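Novice: A structural model of the following input is requested.
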Amino acid sequence: MKPKGMVYLVGAGPGEVGMLTLRAAEVLARAEVVVAGEGVSPEVLALAPPTAEFIGAGSGGSPAAQSPEEVGRLLAASARAGKRVVRLIGGDPYLFGGGGEEAEWLAGARVPFEVVPGVSALVAGPNCAGFPLAHRQWASQITLLAGTEAPAAVDWAQVARAPGTRVIALAPERIGPTVELLAAQGMAPETPVAVVGPALRGRHHAWQGTLATIAGVVAREEIRPPAMLVIGGVVQLRARLNWFERRPLFGQRIAITRARAQAGELARQLRELGAEVLEVPTLRFEAPSRRQDLVDALLELNAYDWLVFTSPNGVTRFFEYFFRRFHDLRDLGGARLAAVGPGTASKLRELHLQVDLVPDEALGVEVARAFSQFESVENLKICLLRAEAANRDLPEALTALGAIVDDVACYQTVPETEDATGAAASLRERGADWVVFTSGSTVRNFHARFDLPALQRQFPQLKAAVIGPETARALAALGVAPACEARPHTLEGLVKVLLAAAAAK
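Specialist: The predicted model follows:
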């Protein structure tokens, strides 16, 4: 039986991934085809499976300039092929998002669809700027308008007379003519007015003035789209209610180079602190080229005195193979466990495993020192479970202590070149304030793709933050010095040094 497809008209919110609804995230996580409208953020697109087909994002052509009929035919073709199709529309699909016209077309074509409401930028933008649209003292009525190139389509006299708060979405170049129209209809020149930018962490801004002065503010600040006008007494509350721009990393654009599967927690922390985050993965994980070495290690687990994990990903990959062969953690044997760094130790503890040794530093000499302080490893058999083609310092340092070391690859890293979400293109176009590197391989792969020194020449504000000395050495090989290094060498340490740099600025 041919599978039935489905189209979801999903409100992608104002651009901030945290403002996406649970239902939107749910259907996006199961999408097979994603058709993205203009302005949908890379962070939202990153919630879709990497196996999904992306249309209108990254290198794809945007459907923004297409008619509802053209978009409808595109959606219908995939749905009739039995696919789950997610049509992402900025803000709310039915609130100036064009979703109503597309839904009409789908209904006429008898294509099943569901509408998932979203948070409109017309609400989120003023909220983040410190302007409550409704307020018992200032506004009991709200007027929402879409800016238009045809002023006659709007009853400006009614807008000028309307009480409460008026929010008008429009291009910055239309702000001057619009306030002139309102003034001509009798709106007082001293009426409080603000221009609000997108409700994105790190990119959100607002500029205040009056009906008489706001056009000059727009010209002076060279405001870029998207933008909206907020008109009314609530504008005066910004000084007290501007919570958004007080976050410590507000205004910082930070690119994360970790693999997509690992970037989530760091990205979440940075967004919570107000940063605009670009997830630009530079590598992905694949099976090791010599799987037999790992199979042999699994068969000889009882022969080892120590199992040493150097990364959370090594833990994940090793136990994926372990549980394919065994069904009981007791088959791990009696070896002690060492984890380099608290993140690796935490991953082992998730499996309810006791970690006997946690060296803080990933440097081979530091790990060897931690072992020598714990016990003599002379003639002990140690299995290193880590990435293929990893640095040789660690096994050499342990061998120098007299240990018998098997260096076993659980996975290999390969360069990531896809840009399904458009984050890499955005980095090339607008740059960033920081690029965060968590390993030497992220440095090398990033440089191969972007040419780091050239990118810094193009965007002089671009600085590098690294997680530790190994990563710093990889940067030094490119002639680049990191602006800061994590202390301690953990993700939490990275966040701390970025906060310290922002505070110093």
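Novice: For the stretch 101-250 of the chain, give me the ranges with low pLDDT.
Specialist: Residue ranges of the stretch 101-250 of the chain with pLDDT under 70: 148-152, 198-204.
Novice: Ignore what I typed, I meant the chain.
Specialist: The model of the chain has pLDDT under 70 over residues 1-3, 56-65, 148-152, 198-204, 360-364, 420.
Novice: longest strand anywhere in it?
Specialist: Counting residues, the longest strand found in the chain (DSSP state E) is strand 404-415.
Novice: Show me what it is packed up against.
Specialist: Counting contacts by 3 or more C-beta pairs under 8 Å, 6 or more residues apart in numbering; DSSP states H and E, strand 404-415 is packed against strand 283-286, helix 291-299, helix 312-325, strand 381-387, helix 393-400, helix 440-450. Just so you know, the C-beta spots here come from the backbone N, C-alpha and C atoms, and that holds for glycine as well.
Novice: how would you label residue 352: helix, strand or coil?
Specialist: coil (DSSP: H, G, I helix; E, B strand; the rest coil).
Novice: Might you report the residue contacts of it?
Specialist: The contact partners of residue 352, by C-beta atoms under 8 Å, 6 or more residues apart in numbering, come to residue 329.
Novice: just to revisit the earlier point, could the helices and strands packed on strand 404-415 go into CSV alongside mean neighbour count?
Specialist: Shown next, in CSV, are those (neighbours: other C-beta atoms under 10 Å):
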stretch, mean neighbour count
strand 283-286, 18
helix 291-299, 15
helix 312-325, 18
strand 381-387, 22
helix 393-400, 18
helix 440-450, 21
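Novice: picking up where we left off before, for whatever helix or strand comes next after the longest strand of the chain, packing partners?
Specialist: Sequence order places helix 423-430 as the next helix or strand after strand 404-415, per DSSP states H and E. Using 3+ C-beta pairs under 8 Å, 6+ apart, the elements in contact with helix 423-430 are strand 253-256, strand 276-279, helix 440-450.
Novice: Out of those, flag the one nearest residue 134.
Specialist: Across the helices and strands packed on helix 423-430, residue 134 has its closest neighbour in strand 276-279 (28.3 Å, C-beta to C-beta).
Novice: Sheet-wise, list the partners of that closest one with their directions.
Specialist: Strand 276-279 has its sheet partners listed here by DSSP bridges as strand 253-256 (parallel).
Novice: Now tell me what touches the partner strand from outside.
Specialist: By C-beta under 8 Å, 6+ apart, strand 253-256 touches 202-203, 263, 266-267, 270, 275-280, 423, 427, 430-436, 498.
Novice: what about 7 Å?
Specialist: Contacts with strand 253-256, where a contact means C-beta atoms under 7 Å, 6 or more residues apart in numbering, come from 202, 263, 266-267, 270, 275-280, 427, 432-436.
Novice: could you list every residue that touches residue 17?
Specialist: Residue 17 is in contact with 41, 43, 44, counting by C-beta under 7 Å, 6+ apart.
Novice: export the residues you listed to TSV and tack on neighbour count?
Specialist: Below are these laid out as TSV (neighbours: other C-beta under 10 Å):
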residue	neighbour count
41	28
43	22
44	25
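Novice: if we can go back for a sec, dump the helices and strands packed on strand 404-415 to JSON lines, plus distance to residue 339.
Specialist: Formatted as JSON lines, the helices and strands packed on strand 404-415 follow (distance: least, C-beta to C-beta, whole Å):
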{"stretch": "strand 283-286", "distance to residue 339": "18"}
{"stretch": "helix 291-299", "distance to residue 339": "17"}
{"stretch": "helix 312-325", "distance to residue 339": "8"}
{"stretch": "strand 381-387", "distance to residue 339": "10"}
{"stretch": "helix 393-400", "distance to residue 339": "13"}
{"stretch": "helix 440-450", "distance to residue 339": "20"}
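Novice: Nearest to residue 189, out of the ones you listed?
Specialist: Short answer: helix 440-450, nearest of the helices and strands packed on strand 404-415 by C-beta to C-beta, at 49.1 Å.
Novice: Render the CA-only coordinates of whichever helix or strand comes after that closest one in PDB, please.
Specialist: The helix or strand immediately downstream of helix 440-450 is helix 452-458, counting by DSSP H and E. The C-alpha coordinates for helix 452-458 follow below in PDB (Å, rounded to 0.1, in the frame of the first residue of the first chain):
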ATOM      1  CA  LEU A 452      40.700  31.200   9.000                       C
ATOM      2  CA  PRO A 453      43.400  33.900   8.500                       C
ATOM      3  CA  ALA A 454      41.600  35.200   5.400                       C
ATOM      4  CA  LEU A 455      38.300  35.200   7.300                       C
ATOM      5  CA  GLN A 456      39.900  37.200  10.100                       C
ATOM      6  CA  ARG A 457      41.100  39.700   7.500                       C
ATOM      7  CA  GLN A 458      37.600  40.100   6.100                       C
END
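Novice: On the C-terminal side of helix 452-458, identify the next helix or strand.
Specialist: Scanning forward in sequence from helix 452-458 by DSSP H and E, the next helix or strand is strand 463-466.
Novice: Remind me what that following strand packs against, helices and strands.
Specialist: Packed against strand 463-466 by the contact rule (3 or more C-beta pairs under 7 Å, 6 or more residues apart in numbering; DSSP states H and E) you find strand 434-437, helix 469-476, helix 491-504.
Novice: Please tabulate those in JSON lines, including the columns mean neighbour count and distance to residue 318.
Specialist: Output for these, formatted as JSON lines (neighbours: other C-beta atoms under 10 Å; distance: least, C-beta to C-beta, whole Å):
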{"stretch": "strand 434-437", "mean neighbour count": "29", "distance to residue 318": "24"}
{"stretch": "helix 469-476", "mean neighbour count": "18", "distance to residue 318": "21"}
{"stretch": "helix 491-504", "mean neighbour count": "17", "distance to residue 318": "21"}
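Novice: Of all those, which one comes closest to residue 235?
Specialist: helix 491-504 (27.7 Å).
Novice: Just tell me which of the helices and strands packed on strand 404-415 ends up closest to residue 257.
Specialist: With respect to residue 257, and counting by C-beta to C-beta, the nearest of the helices and strands packed on strand 404-415 is helix 440-450 at 4.2 Å.
Novice: Mind putting the helices and strands packed on strand 463-466 into TSV with distance to residue 159?
Specialist: TSV is the format used below for the helices and strands packed on strand 463-466 (distance: least, C-beta to C-beta, whole Å):
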stretch	distance to residue 159
strand 434-437	43
helix 469-476	55
helix 491-504	41
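Novice: Quick one: closest of these to residue 212.
Specialist: Nearest to residue 212, of all these, is helix 491-504, at 35.9 Å by C-beta to C-beta.
Novice: Only alpha carbons, please: show the closest one as PDB.
Specialist: Extracted in PDB, the C-alpha atoms of helix 491-504 (Å, rounded to 0.1, in the frame of the first residue of the first chain):
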ATOM      1  CA  LEU A 491      32.900  23.400  27.800                       C
ATOM      2  CA  GLU A 492      32.000  25.200  31.100                       C
ATOM      3  CA  GLY A 493      35.400  26.700  31.000                       C
ATOM      4  CA  LEU A 494      34.800  28.000  27.500                       C
ATOM      5  CA  VAL A 495      31.600  29.700  28.500                       C
ATOM      6  CA  LYS A 496      33.400  31.300  31.500                       C
ATOM      7  CA  VAL A 497      36.200  32.800  29.400                       C
ATOM      8  CA  LEU A 498      33.700  34.100  26.800                       C
ATOM      9  CA  LEU A 499      31.700  35.700  29.600                       C
ATOM     10  CA  ALA A 500      34.900  37.300  31.000                       C
ATOM     11  CA  ALA A 501      35.900  38.600  27.600                       C
ATOM     12  CA  ALA A 502      32.400  40.200  27.100                       C
ATOM     13  CA  ALA A 503      32.600  41.700  30.600                       C
ATOM     14  CA  ALA A 504      36.000  43.200  29.900                       C
END
